[in-house]
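Student: the following block contains a protein sequence and its predicted model.
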Amino acid sequence: MGVEVTVEGLTKSFGSQNIWRDVSLTLPAGEVSALLGPSGTGKSVFLKTLIGLLHPEQGSVVIDGTDITQCSAKELYEIRKLFGVLFQDGALFGSMSLYDNIAFPLREHTKKKEDEIRKIVLDKVELVGLTGAEDKLPGEISGGMRKRAGLARALVLDPEIILCDEPDSGLDPVRTAYISQLLIDINAEIDATIMVVTHNINIARTIPDNIGMLFRKELVMFGPREQLLTSEQPVVKQFLAGDRFGPIGMSEEKDEAAAAAEAAMQAAGISGGGTKDDFSEIIPQVQPNPGMPVRKAAIRHRANVLGMLHTLPANAQEAIHNSIAAEDRQAAEAPETSTTLVALAATDFNDPDVGKTGLPGGPEGVYVEPTHVHDVGANARTEEVTRPDLAKTAAAQPAGDDAFTQPIDTSAIETAINDQSNGQGSNQA
Ligand SMILES: Nc1ncnc2c1ncn2[C@@H]1O[C@H](COP(=O)(O)OP(=O)(O)OP(=O)(O)O)[C@@H](O)[C@H]1O
């Protein structure tokens, strides 16, 4: 099972520019969470802070019992092995084939033999639908393919926490749906804690168990997806609707005069460009494909949500009841479409152990134990490194070729991402 990530009172600034302050949230173990927010609100900075690439001025990030804001470089190095990270443009090494890119963390962090590495790489290549493209360079493939290759690389060490920074950026809506499905299937298969940073409302509506939103340097909310999707907060409603009328401006918050001018336009029937979709009508969460194991996080999530239901606003409570009823109805009417929904419907949520362990009481034959062996820790290099050494190591490496060489620092990652972003490649997915 993936590990819980607990963030308490986190504050991050660059010089005098405060990015966000006093952010507290818990990514529940094995659940899928999404972080939304207008451009520039610091979502990527948050993601990098979770993995210790950026250091906050205040607060803690506790992962597997270790506060990574306080720990030694060696402890941070060990904690980072729990992570698989998909950066915005894949951050692939431009001079390596996809195969070598995907094999890289295995060669770097394990003592596996090449035939073992080959098996794992080809497995992940197949999982992300890139079979046949292994020998291509990142510059010879489309943005969508680079994204999938980045995801394959993020998965090879069987991470317990997967962070995805805008997995949909540069993808068409159909490919976005495929990559979303892939994330849910991966979650079912390895039960990793997943956090997705996204602007994509379809992803937010259908993929995560939990959603949070950053705005005006604060975490506006974080909780079960129904809570945000039914929120009455103007900023949330505007963001979900994708409308220019509302508190979110082009670059900063609007003043009163601008707000009054907008109100007049709205009253006159001028469109703000937003959709009129009713987001409070919750659409079903994407389920693992048939053949995938039961998504155990879904059981834990339902148990958690039922436990905290009384603390949520009335419309969120109603939406959650409706979601559960719809899921149980689908399980009864079309059980072959989702073993996860069948398991949910068969689980006794009065059993106090359900939320902790996944599926006790579930139907026989449904519960699938994780089969992945985590051998990275035993085989990995463990030499002590200091923070200045990290910077020196990164600086000494050729531009673009160190994003997944750990230990690493932020500048190295940025270089790799920029190198890739400025790179070549066609636009077909
Ligand atoms: N290493 C850095 N040094 C200084 N400022 C930075 C650094 N990284 C990010 N910033 C600033 O932090 C702010 C938040 O950036 P970030 O990329 O996290 O936003 P975001 O919410 O992910 O935006 P988008 O949705 O457009 O990707 C921006 O003003 C950015 O310029």
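Tutor: Looks like it came in fine. Residues are numbered from 1 along each chain as shown.
Student: with adjacent residues omitted, what lies nearest to L341?
Tutor: Spatially, and ignoring its direct neighbours in sequence, L341 is nearest to A331 (4.0 Å; CB to CB, 6 or more residues apart in numbering). Any C-beta I mention is one placed from the backbone N, CA and C, and that applies to glycine too.
Student: kindly report the same for L228.
Tutor: Leaving out its chain neighbours, the residue that sits closest to L228 by CB to CB, 6+ apart is I211, at 4.2 Å.
Student: just L36 next, same as before
Tutor: In space, L36 is closest to M213, 4.5 Å off (CB to CB, 6+ apart).
Student: please apply the same query to I324.
Tutor: In space, I324 is closest to R302, 7.0 Å off (CB to CB, 6+ apart).
Student: beyond the host helix or strand of the one you found, next helix or strand please.
Tutor: R302 belongs to helix 296-308 when assigned by DSSP states H and E. Scanning forward in sequence from helix 296-308 by DSSP H and E, the next helix or strand is helix 314-333.
Student: packing partners for that following helix?
Tutor: strand 218-224, helix 225-229, helix 339-346 (3 or more CB pairs under 8 Å, 6 or more residues apart in numbering; DSSP states H and E).
Student: among those, which comes closest to G30?
Tutor: Checking those against G30 by CB to CB gives helix 339-346 as the closest, at 12.8 Å.
Student: need the nearest residue in space to Q233, chain neighbours excluded.
Tutor: V220 (6.5 Å).
Student: got a list of what the one you found touches?
Tutor: G212, M213, L214, Q233, V235, V236 (CB atoms under 8 Å, 6 or more residues apart in numbering).
Student: from R225, how far off is the fourth one?
Tutor: According to CB to CB, to the nearest Å, Q233 and R225 sit 15 Å apart.
Student: phi first, then psi, for V5.
Tutor: Taking degrees, to the nearest 10, you get phi -120, psi 120 for the backbone angles of V5.
Student: need the pLDDT of G129.
Tutor: On the pLDDT scale, G129 is placed at 85.
Student: contact partners for it?
Tutor: R148, Y178.
Student: at 7 Å what do you get?
Tutor: The contact partners of G129, taken as CB atoms under 7 Å, 6 or more residues apart in numbering, are R148.
Student: what bridges to the residue nearest to L228?
Tutor: Per DSSP bridges, the residues bridged to I211 are A34, G223.
Student: can you check the one 4 residues further on too?
Tutor: Under DSSP bridges, the beta-bridge partners of F215 are E218.
Student: list only buried entries from the contacts of V220.
Tutor: In the contacts of V220, burial by neighbour count holds for G212, M213, L214, V235, V236, counting by 16 or more other CB atoms under 10 Å.
Student: and the fourth one, how far from R205?
Tutor: In this case it means V235. Taking CB to CB, one finds V235 at 17 Å from R205.
Student: tell me how far the residue nearest to I324 lies from L214.
Tutor: Counting by CB to CB - R302 and L214 are separated by 26 Å.
Student: and the pLDDT for the residue lying closest to D328 once chain neighbours are set aside?
Tutor: Distances taken as CB to CB, 6+ apart put A345 closest to D328, at 4.6 Å, once the chain neighbours are dropped. Per-residue pLDDT puts A345 at 90.
Student: list the contacts of A345.
Tutor: Taking CB under 7 Å, 6+ apart as the test, what A345 contacts is D328, A331, A332.
Student: I'd like the distance between the second one and A346.
Tutor: To tie it back to what came earlier, the one meant is A331. Distance from A331 to A346, by CB to CB: 8 Å.
Student: so the two - more neighbours on which side?
Tutor: A331 (19 against 16; other CB atoms under 10 Å).
Student: doesn't T340 make contact with that one?
Tutor: No: A331 lies out of contact with T340 (CB atoms under 7 Å); the separation is 8.8 Å.
Student: how about the residue in the stretch 201-350 of the chain that the ligand sits nearest to: what's its closest non-neighbour residue?
Tutor: Residue of the stretch 201-350 of the chain nearest the ligand, by CB to the nearest ligand atom: L214 (6.8 Å). Leaving aside its chain neighbours, L214 sits nearest to G37 (3.6 Å; criterion: CB to CB, 6+ apart).
Student: many thanks, we can stop here.
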